[in-house]
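Colleague: with the input below, show me the fold.
(one chain, ligands or ions: 1)
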Amino acid sequence: MDHVISLRNVTKRFGSNTAVDDVTIDVPSGHCYAWLGPNGCGKTTLIRMMLGLARASSGQIVVRGKQVPSQGREALSRVGAIVEEPRFYPYLSGRANLEIWAAHQSADAKAAIGGALDRVGLSSRAGDKVGSYSLGMRQRLGVARALLNDPELLVLDEPTNGLDPAGLQEFRGMIRELVAEGRSVFISSHILSEVEKMADSIAIIEKGKVLASGPVEDLIRGGRQAVGVRVDDPGRGLPVLRGLPFAREVRETDVPGAYEVLVEELADDQLLATGRELFAAGIGVLELRPVRETLERRFLELTGDHAGELARAELGDVPPADDAPTGGTDR
Ligand SMILES: Nc1ncnc2c1ncn2[C@@H]1O[C@H](COP(=O)(O)OP(=O)(O)OP(=O)(O)O)[C@@H](O)[C@H]1O
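Modeller: Predicted coordinates for the structure are as follows:
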């Protein structure tokens, strides 16, 4: 398979702090690949290295078949990027900002402005000053700018920050359209639910390390499946559960009397049989439910102590983009 980005053992240290730790991944061409992890896990640092804005301490970075940074010019010639919050002249219109940028690029970039504004749904506001734009609109204008050089690869650092649910849905549709055109998209995020429906593949990161990566469905399928059950008499219930023919393992949970009977592949029959066996043994069933691990659960498990942060983020309390420690460097 063709890879638009290949990283081999990429590490970045800041003094004793390892921001990116021995990362090896291949990003297939024509995919949306999400780089997912809590704030401070090294997302921006990795993206800056991929774009030749920072040097790796060790490892190899290949973008579009060329080494970065040594062949950076060729590697990055058809790459559009937003790193951290995109910056614009607030007193100029969205269109004027793109015109200034395009003037430094090519005639093709200038000709692409109208189409790019359309693409991100900003045509009707393109004449308004950027200072009057919401953060979500500035993000979209950033994507428009990144599209001007007809990129094969778009690299977007937390582009969903500041988008409301409707904006997020539009954004998702836009990314899928870009992928359908054969472009590749590398997107970082700290909110799983925002990328789950957008990405083909995901890498889950913690403290600069890749904890799990692969196609979204594989990561979900890799999760556990179980019959969740709570009984009124754990002493007698547990042996019954252990005796179920499909039980691979019976796990206790934090709730007294509640167990998870892990199975290979969960089916209704197993739920029915669990209830029937317990009932036949005279054991009261207080709860019986299917447990299918979602990617979200897996993400919470993998990133454990960041669960609170994720939950807050999902309630819409997204930290402002200028929390990022690396300062503004969008291209
Ligand atoms: N220029 C720098 N000098 C020193 N440490 C840095 C520098 N840039 C980043 N770091 C550190 O590297 C780690 C990863 O930071 P990075 O900004 O890459 O994370 P992130 O996942 O993008 O976070 P956020 O979502 O908050 O932007 C952090 O501990 C950060 O403090």
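Colleague: and the helices in the stretch 151-300 of the chain?
Modeller: For the stretch 151-300 of the chain, the helices defined by DSSP state H, counting those that start in this stretch cover 165-180, 192-196, 216-221, 234-242, 268-280, 295-303.
Colleague: would you format the ones you listed as JSON lines with distance to the ligand and mean pLDDT included?
Modeller: The way it works is simple: take the backbone N, C-alpha and C, and place the C-beta from them, glycine included. Shown next, in JSON lines, are the helices of the stretch 151-300 of the chain (distance: least, Cβ to the nearest ligand atom, whole Å; pLDDT from 0 to 100):
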{"stretch": "helix 165-180", "distance to the ligand": "17", "mean pLDDT": "88"}
{"stretch": "helix 192-196", "distance to the ligand": "13", "mean pLDDT": "82"}
{"stretch": "helix 216-221", "distance to the ligand": "19", "mean pLDDT": "74"}
{"stretch": "helix 234-242", "distance to the ligand": "41", "mean pLDDT": "96"}
{"stretch": "helix 268-280", "distance to the ligand": "40", "mean pLDDT": "96"}
{"stretch": "helix 295-303", "distance to the ligand": "12", "mean pLDDT": "68"}
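Colleague: most packed of the ones you listed?
Modeller: With neighbours defined by mean count of other Cβ atoms under 10 Å, none of the helices of the stretch 151-300 of the chain is more surrounded on average than helix 192-196, at a mean of 21.
Colleague: what about whichever residue of the stretch 151-300 of the chain sits closest to the ligand, how many neighbours?
Modeller: The minimum distance from the stretch 151-300 of the chain to the ligand, using Cβ to the nearest ligand atom, falls at residue 190 (5.6 Å). Using other Cβ atoms under 10 Å, residue 190 is surrounded by 25 other residues.
Colleague: so where is the stretch 201-331 of the chain shaky, pLDDT-wise?
Modeller: Along the stretch 201-331 of the chain, the parts satisfying pLDDT under 70 run over 220-222, 295-296, 298, 301-331.
Colleague: rerun at 80
Modeller: Scanning the stretch 201-331 of the chain for pLDDT under 80 picks out the ranges 217-224, 293-331.
Colleague: report pLDDT for residue 87.
Modeller: We note a pLDDT of 86 for residue 87 in this prediction.
Colleague: let me see the ranges of the strands in the stretch 51-200 of the chain.
Modeller: 58-63, 66-68, 79-82, 153-157, 184-189 (DSSP state E, counting those that start in this stretch).
Colleague: partners of the second one, with directions?
Modeller: Within its sheet, and counting by DSSP bridges, strand 66-68 is paired with strand 58-63 (antiparallel).
Colleague: again with the last one
Modeller: In the sheet, strand 184-189 lines up against strand 32-36 (parallel), strand 153-157 (parallel) (DSSP bridges).
Colleague: could you dump those to TSV with mean neighbour count?
Modeller: Below are the strands paired with strand 184-189 laid out as TSV (neighbours: other Cβ atoms under 10 Å):
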stretch	mean neighbour count
strand 32-36	27
strand 153-157	25
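Colleague: got these as JSON lines, with distance to residue 91 and mean pLDDT columns?
Modeller: As requested, those are exported to JSON lines (distance: least, Cβ to Cβ, whole Å; pLDDT from 0 to 100):
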{"stretch": "strand 32-36", "distance to residue 91": "34", "mean pLDDT": "94"}
{"stretch": "strand 153-157", "distance to residue 91": "25", "mean pLDDT": "94"}
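Colleague: okay, those in TSV with distance to the ligand next?
Modeller: Shown next, in TSV, are these (distance: least, Cβ to the nearest ligand atom, whole Å):
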stretch	distance to the ligand
strand 32-36	9
strand 153-157	7
